[in-house]
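Novice: what's the 3D shape of this:
(chains A and B)
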There are 2 protein chains.
Amino acid sequence: MNTKRITNLLGIQYPIIQGGMVWCSGWKLASAVSNNGGLGLIGAGSMHPDTLLHHIQSMKQATQKPWGVNIPLMYPQIDIIIDCIIKSEVPIVFTSAGSPKIWTKTLQSNGIKVVHVVSSTQFALKSEDAGVDAIVAEGFEAGGHNGKEETTTMSLIPKVIEAVKIPVIAAGGIATGKQMAAAIALGANGVQIGSRFAVCKESSAHENFKQYVYKSQEGDTMLCLKKVSPTRLLKNDFFNTIYTMEQAGASAEELKEVLGKGRAKKGIFEGNLSDGELEIGQVASMINSAESVTDIFSSIITEYNNTLKSINQEFI
Amino acid sequence: MNTKRITNLLGIQYPIIQGGMVWCSGWKLASAVSNNGGLGLIGAGSMHPDTLLHHIQSMKQATQKPWGVNIPLMYPQIDIIIDCIIKSEVPIVFTSAGSPKIWTKTLQSNGIKVVHVVSSTQFALKSEDAGVDAIVAEGFEAGGHNGKEETTTMSLIPKVIEAVKIPVIAAGGIATGKQMAAAIALGANGVQIGSRFAVCKESSAHENFKQYVYKSQEGDTMLCLKKVSPTRLLKNDFFNTIYTMEQAGASAEELKEVLGKGRAKKGIFEGNLSDGELEIGQVASMINSAESVTDIFSSIITEYNNTLKSINQEFI
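Specialist: From the prediction side, this is the model:
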């Protein structure tokens, strides 16, 4: 069974990783995921080093199961974060948004497993060359920051699987057991799920944000800010401003000025639905109510198993 | 087995439909697909009524198996085309790019099965209301004309399946047995495959176009012309011109003027790689050589069956 490559590598029961998400995945969400047999990730991207340390310490109290931290490598105080992670004996690190060449060996020589997030086969190969233990290959349908080539999960995963020898975790468009079964059929060894966990009960996202996601419909997210850094957002006033500017040919500088700083915090953590940046994936429209992490695992595993039963007949 | 809903409805062996593609799918390609156990579709979008009649007559000579015609409903001489189809006793019609309300009942009352192509759950429901026999739900990764909401196959199929009672054929990002298994896992009753057939030996596309597709890499297609009608194209000089205009905020009128008429014919049929519109899906980079329809069927069915074997273990 090809999912064993991921469950064995990470020491988890189910090949389900909770994406490390800014303003959503602190120790509460991550420990609940780990305690349910998946891999919980603290999203360090929205944390000051002191805050991260607090979450790491709380995480150690909250679970005895494997867990990890997700770090965007563009993080301004990256040296301090890496130091904190090594000293705190974090077992697993997922890195994204930057080159895996710089920190992979340092982390691994301290006994830490390293998984890097990519959105193309080319970067999957570069990550393998840098020596990472596994990669996450993330498709166009994923929420938040996204690849420039717009390759979807359906197109991306089989190419990446063919290109690299290390285990591959599929991300983007995966929220249910059917979608997980589809990702495994494409050849993935595991899945990373973001949106469904971003708005679950244990997520630290603001209630306004969660409710707005539950009410969203198909077509309500869109990839924008392509000239700055492609980002999938739920439509709101802020999105409409950016979209109108982009349609009129606004430059990266003009967009950056309107974007400013702290937009994701404003939207996701403070619940400002008009001015905030509401990062979420295309699957948002499939999530309609507040669920616990335990409910989500039970639903996904049951649907996954039922899906396998329903497609077990070969053609002759 | 949920694929039986499509194979029984259309009277075919495998739940594989060859997309009706302008300048690619005449009677040669379509009859080869039908003779191999799938459903071949003549792509009427690029044909004058006389040409279509010739292809229908040749098709009847070339196969005894079920087959069909794909008609874009925006076709200028649509009345003549519908009349030709009814008089020629075409058994199955796939309609796209227009409202299924206008012609569905007329076709069905003449004993013709009608399948409509959509890119959203909303239009899937409208098609069901119009009484079509099945729908094709096509994701963002598909080649050529595409939906405005940019919903990918992974996100779209489970939503559509949940919404409608009629059978659903998945399209977009499907070229291999793994991708077919993924689509079936998502709940689809069958698959429509375009790109892989567009550049196979039996396709009437120009050799230049086929070779350009074989050499293409991941990320070489992009959805453009969104202000006119979203279209996925392989990058070339023409694409670059459009892309640069769009980045600068060009209007629909400006884009239409540069687009002009006959661009798809120029690119796909005449093999003009710099000035033509090269319509193809994201899977283009997975197709590297000239295959026969028989080879394609054999490859897809073998890979599909192997995929089912490899993912047959449930989680506990």
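
Novice: Doesn't residue A:140 lie inside a helix?
Specialist: No: assignment of residue A:140 by DSSP: H, G, I helix; E, B strand; the rest coil gives coil, placing it outside any helix.

Novice: wait, what's in contact with residue A:279?
Specialist: A:21, A:22, A:143, A:144, A:145, A:231, A:232, A:233, A:234, A:264, A:267, A:268 (CB atoms under 8 Å, 6 or more residues apart in numbering or on different chains). C-beta: built from backbone N, CA, C; applies to glycine.

Novice: got the phi/psi numbers for it?
Specialist: phi -80, psi 120 (degrees, to the nearest 10).

Novice: Is it bridged to anything, and to what?
Specialist: residue A:233 (DSSP bridges).

Novice: returning to what we had before: so which of the contacts of residue A:279 is the closest to residue B:281?
Specialist: residue A:232 (20.8 Å; CB to CB).

Novice: how many other residues sit next to that closest one?
Specialist: 25 (other CB atoms under 10 Å in any protein chain shown).

Novice: Look up how far residue B:250 lies from the closest residue to chain B within the stretch 101-250 of chain A.
Specialist: The stretch 101-250 of chain A approaches chain B most closely through residue A:249 (2.4 Å), counting by CB to the nearest CB. Taking CB to CB, to the nearest Å as the measure, residue A:249 falls 8 Å from residue B:250.

Novice: neighbour count winner among those two?
Specialist: Using other CB under 10 Å, the more surrounded residue of residue A:249 and residue B:250 is residue B:250, with 18 against 14.

Novice: close to chain B, is the longest helix that chain A contains?
Specialist: Longest helix of chain A, by residue count under DSSP state H: helix A:293-310. Yes: interface with chain B: helix A:293-310 contributes A:301, A:304, A:305, A:307, A:308, A:309, A:310 (CB under 8 Å from any CB of the partner chain).

Novice: Show the average pLDDT along that helix.
Specialist: Averaged over helix A:293-310, pLDDT sits at 96.

Novice: Alpha carbons only: can I get it in PDB?
Specialist: Extracted C-alpha coordinates of helix A:293-310, given in PDB (Å, rounded to 0.1, in the frame of the first residue of the first chain):
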ATOM      1  CA  VAL A 293     -11.400  17.300  14.300                       C
ATOM      2  CA  THR A 294     -12.600  14.000  15.500                       C
ATOM      3  CA  ASP A 295     -15.800  14.300  13.300                       C
ATOM      4  CA  ILE A 296     -13.700  15.300  10.300                       C
ATOM      5  CA  PHE A 297     -11.400  12.200  10.600                       C
ATOM      6  CA  SER A 298     -14.300   9.900  11.100                       C
ATOM      7  CA  SER A 299     -16.100  11.400   8.000                       C
ATOM      8  CA  ILE A 300     -13.000  11.200   5.800                       C
ATOM      9  CA  ILE A 301     -12.000   7.700   6.700                       C
ATOM     10  CA  THR A 302     -15.500   6.300   6.300                       C
ATOM     11  CA  GLU A 303     -16.000   8.000   3.000                       C
ATOM     12  CA  TYR A 304     -12.500   6.900   1.800                       C
ATOM     13  CA  ASN A 305     -13.300   3.300   2.600                       C
ATOM     14  CA  ASN A 306     -16.700   3.400   1.000                       C
ATOM     15  CA  THR A 307     -15.200   4.900  -2.100                       C
ATOM     16  CA  LEU A 308     -12.700   2.100  -2.400                       C
ATOM     17  CA  LYS A 309     -15.500  -0.400  -2.100                       C
ATOM     18  CA  SER A 310     -17.500   1.400  -4.800                       C
END
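
Novice: which strands and helices sit next to it?
Specialist: On a contact count with 3 or more CB pairs under 8 Å, 6 or more residues apart in numbering or on different chains; DSSP states H and E, helix A:293-310 meets helix A:27-35, helix A:177-185, helix A:195-198.

Novice: Pull the residues that contact it.
Specialist: A:14, A:16, A:29, A:32-33, A:35-38, A:176-178, A:180-181, A:193, A:196-197, A:200-202, A:291, B:1-2, B:185, B:311-315.

Novice: Buried among these? Need that as a selection in PyMOL.
Specialist: Buried residues among the contacts of helix A:293-310 (16 or more other CB atoms under 10 Å in any protein chain shown), as a PyMOL selection:
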select buried, (chain A and resi 14+16+29+32+33+35+36+37+38+176+177+178+180+181+193+196+197+200+202+291) or (chain B and resi 2+185+311+315)
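
Novice: how about the strands of the stretch 101-250 of chain A, start to end?
Specialist: Assigned by DSSP state E, counting those that start in this stretch, the stretch 101-250 of chain A shows strands spanning A:113-118, A:134-138, A:144-145, A:168-171, A:190-193, A:221-224, A:231-234.

Novice: Quick one, which of the ones you listed gets closest to residue B:273.
Specialist: strand A:221-224 (28.1 Å).

Novice: Distance from that closest one to the middle of the chain?
Specialist: 16 Å (CA atoms, centre = their mean, to the nearest Å).

Novice: List the strands paired with that strand, with their directions.
Specialist: Within its sheet, strand A:221-224 is paired with strand A:231-234 (antiparallel), according to DSSP bridges.

Novice: Show residues contacting the strand it pairs with.
Specialist: Outside strand A:231-234, the residues that reach it (CB under 8 Å, 6+ apart) are A:141-146, A:212-213, A:216, A:220-225, A:239, A:242, A:277-282, A:284.

Novice: Please apply the same query to stretch A:118-129.
Specialist: Stretch A:118-129 is contacted from outside by A:99-101, A:116, A:135-140, A:146-149, A:151, A:156, A:159-160, A:163-166, A:168, B:218-219, using CB under 8 Å, 6+ apart.

Novice: Could you rerun that using 6 Å?
Specialist: A:100, A:116, A:135, A:137-138, A:147, A:149, A:159-160, A:163-164, A:166, B:218 (CB atoms under 6 Å, 6 or more residues apart in numbering or on different chains).

Novice: Domain parsing of chain A, as residue ranges.
Specialist: A:4-204+A:288-303, A:207-283 (automatic domain parsing).

Novice: Out of the ones you listed, which one sits most buried?
Specialist: Across these, averaging neighbours per residue (mean count of other CB atoms under 10 Å in any protein chain shown) puts domain A:4-204+A:288-303 on top, at a mean of 22.

Novice: gap between the two ends of that one?
Specialist: 19 Å (CA to CA, to the nearest Å).
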